[in-house]
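Undergrad: Sequence plus the predicted model coming up.
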Amino acid sequence: MHFMQSLQAAWIRNNSLVCVGLDPEPAKFPVHLQQHPDAVFEFCRTIIDATADLACSFKPQIAHFAALRADDALERLIAHIHAKHPGIPVILDAKRGDIGSTAQHYVSEAFDRYAADAVTLNPYLGRDSVQPFLDRADKGVILLCHTSNPGAADLQDLDVGGKPLYQHVAQIIARDWNTHGNCALVTGATWPEQLAEVRALVGDVPLLVPGIGAQGGDVEAVVRNGCTADGTGLMISSSRAILYAGKGEDFAEAARKAALDLRDSINHYRKR
Ligand SMILES: O=c1ccn([C@@H]2O[C@H](COP(=O)(O)O)[C@@H](O)[C@H]2O)c(=O)[nH]1
């Protein structure tokens, strides 16, 4: 199924705008898992199984796996999601961006090797660097627009011809690059005014919104500023606040409770 169709179906089926981030950090795993020979896989698989019915998507961050030499665990986890929780799209958070010939290899990495449904990209090399991804019309292409980190303003807010650069990015992608309807944008929860500006510029284009939880973003502001008229349009991502909600053998229950609380908090502010 196409990424956008899977996402829309998951929003409705699970009544959820929560995207569960998978950022494994073995030092934070419960003690009983730390010596496990396949600890990264076991930890993430347990979290996935505990939260799949509460999520609209999963978002593994590739550097967390690559740094641990756990690329193979990431492949198996994505296969596990497709097999055991079909219909929950997987967003590979890789933030790739390179010249076209190299971009083809990143396309293959994300969609053929890892079988992700969508990938995050840096748009600053321009359209030709993104085109090989856009051509995979069944896959989601999620482009950085206004990121959640404090330094986002350094470049993304620069005035370009009377409006900030991130607004040009939002407009160009929504107007010119989204010919297959498979684009989405990253807009951080920590910048709610910019989130509202982006929503106003891009119509119903979905927004991936990291920055809730550990980074302190405000759920109410995100929902009020980012939802579309039908009360969807957002993938509100949380990683550490869900993954490491508990430290003991009951870590999966604690993660489930954190995901449930986030889903309910988001739904409290949604207009439908
Ligand atoms: O602007 C951005 C883009 C991506 N991220 C990624 O999202 C998660 C956030 O983790 P939390 O633990 O929920 O803070 C992480 O993988 C980042 O690489 C982002 O934070 N901001």
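TA: Okay, I see it.

Undergrad: what residues does the stretch 151-272 of the chain put near the ligand?
TA: 186, 188, 210, 211, 213, 214, 215, 237, 238, 239, 240 (CB under 6 Å from any ligand atom). C-beta: built from backbone N, CA, C; applies to glycine.

Undergrad: Of those residues, just the buried ones, PyMOL syntax please.
TA: Of these, the buried ones can be selected in PyMOL as follows, counting by 16 or more other CB atoms under 10 Å:
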select buried, resi 186+188+210+211+213+214+215+237+238+239
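
Undergrad: Now, the residues of the stretch 151-272 of the chain next to the ligand that are in strands?
TA: Mapping those onto strands (DSSP state E) picks out 186, 237, 238.

Undergrad: ok, these vs residue 88, which is closest?
TA: Distance to residue 88 across these (CB to CB) is lowest for residue 237, with 13.8 Å.

Undergrad: now the helices for the chain?
TA: Counting by DSSP state H, the chain has helices at residues 3-13, 31-34, 39-51, 62-66, 71-84, 100-107, 127-134, 152-156, 165-172, 192-202, 219-226, 240-243, 251-269.

Undergrad: what about the closest residue to residue 64 other than its chain neighbours, distance to residue 62?
TA: Spatial nearest neighbour of residue 64, excluding adjacent residues (CB to CB, 6 or more residues apart in numbering): residue 23 at 4.7 Å. Noted for residue 23: a distance of 10 Å to residue 62, by CB to CB, to the nearest Å.

Undergrad: what residues are up against the residue nearest to residue 15 when sequence neighbours are not counted?
TA: Closest residue in space to residue 15, ignoring its immediate chain neighbours: residue 267 at 6.7 Å, by CB to CB, 6+ apart. Contact partners of residue 267, counting by CB atoms under 8 Å, 6 or more residues apart in numbering, are 15, 16, 17.

Undergrad: just residue 94 next, same as before
TA: Residue 94 makes contact with 62, 106, 109, 110, 119, 120, 121, according to CB under 8 Å, 6+ apart.

Undergrad: Pull up the gap between it and residue 122, please.
TA: Separation of residue 94 from residue 122 (CB to CB) stands at 10 Å.

Undergrad: Below-threshold pLDDT in the stretch 1-150 of the chain: ranges please.
TA: By pLDDT under 70, the stretch 1-150 of the chain has no low-scoring segment.

Undergrad: Now it against the ligand: closest residue?
TA: At 3.2 Å from the ligand, residue 147 is the closest residue in the stretch 1-150 of the chain, using CB to the nearest ligand atom.

Undergrad: per-residue confidence for the closest residue to that residue other than its chain neighbours?
TA: Distance criterion CB to CB, 6+ apart; nearest residue to residue 147, sequence neighbours excluded, is residue 188 at 5.3 Å. With respect to pLDDT, residue 188 has a value of 98.
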